[in-house]
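Participant: Give me the fold of what follows.
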Amino acid sequence: CLDNGLMVGCSDDLFMPGAETTRAMFVTMLWRFEGAPVVNYLMMFDDVEQDAWYAEAVRWAASEGIVQGYDATTFAPDDSITREQMATMLYRYIQKNGGGFTGMWMFLLDYTDRAEIFDWAYESVCYMTMHGLMQGKDNKVFDPSSNATRAEVATLFQRYCVNLEK
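Facilitator: Okay, the predicted model is just below:
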């Protein structure tokens with residue numbers, strides 16, 4: 001992630017793998033992975049300043065249907081991204097590029113906390129699990145509402161890149 005410019009350190013010599021990742025940071029990584037495209041799209045999120053460092057990334061992700069926000073006008077860029085939000089954003093990116101589940105599919109997650117995964121995230125978590133992009137934590141839990149760390153995000157992108165090479 002560092003070598004390919006998807007992430008930057010928290011300083012010149014500090015990565016902080018245990019620090020939480022914000023929604024703005026994650027969307028910016030996806031945007032950079034896509035090649036940092038510039039789009040002509042009227043973004044309706046009131047909480048994304050037009051000159052913010054992540055504004056173009058959010059504009060692109062909203063225009064592609066990768067992000068939808070908490071509601072029509074709230075993206076919450078400074079909120080930490082949860083594991084299920086992270087799975088959903090990457091899955092929508094995968095779908096945008098022609099991947100994802102097609103037709104009828106059925107996959108029962110083997111996580112003990114699968115009932116805690118929101119309906120809007122279930123397909124995404126299934127796909128991430130089935131393709132080895134995300135894994136559960138100790139005791140067979142997915143921990144969908146926990147905040148994703150920088151290490152988890154970097155691992156997800158590394159696995160996605162390896163998966164693409166296959």
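Participant: Who are the packing partners of the helix or strand harbouring residue 128?
Facilitator: Taking DSSP states H and E as the definition, one finds residue 128 inside helix 119-130. For helix 119-130, the helices and strands in contact under the criterion 3 or more C-beta pairs under 8 Å, 6 or more residues apart in numbering; DSSP states H and E are helix 83-96. C-beta: built from backbone N, CA, C; applies to glycine.
Participant: List the buried residues of the longest helix anywhere in the chain.
Facilitator: For the chain, the longest helix by residue count, based on DSSP state H, is helix 150-165. Going by neighbour count (16 or more other C-beta atoms under 10 Å), the buried part of helix 150-165 is 150, 152, 153, 154, 155, 156, 157, 159, 160.
Participant: Would you check that the second one makes contact with residue 82?
Facilitator: No - checked against C-beta atoms under 8 Å, the pair residue 152 and residue 82 is beyond contact range at 10.8 Å.
Participant: what angle separates the helix or strand of the chain with the lowest mean pLDDT from helix 83-96?
Facilitator: Across the helices and strands of the chain, mean confidence by mean pLDDT, DSSP states H and E is lowest for helix 150-165: a mean of 83. Relative orientation of helix 150-165 and helix 83-96, computed by axes from the mean of the first three to the mean of the last three C-alpha atoms, to 10 degrees: 20 degrees.
Participant: between helix 150-165 and helix 119-130, how many degrees?
Facilitator: Helix 150-165 and helix 119-130 are oriented at 60 degrees to each other (the same axes, to 10 degrees).
Participant: Determine the set of other helices and strands touching helix 150-165.
Facilitator: helix 23-33, helix 83-96.
Participant: Which pLDDT value does the model give residue 7?
Facilitator: Residue 7 is assigned a pLDDT of 55 by the prediction.
Participant: let me redo that: residue 25
Facilitator: Residue 25 carries a pLDDT value of 91.
Participant: Residue 97 too?
Facilitator: Reported pLDDT for residue 97: 92.
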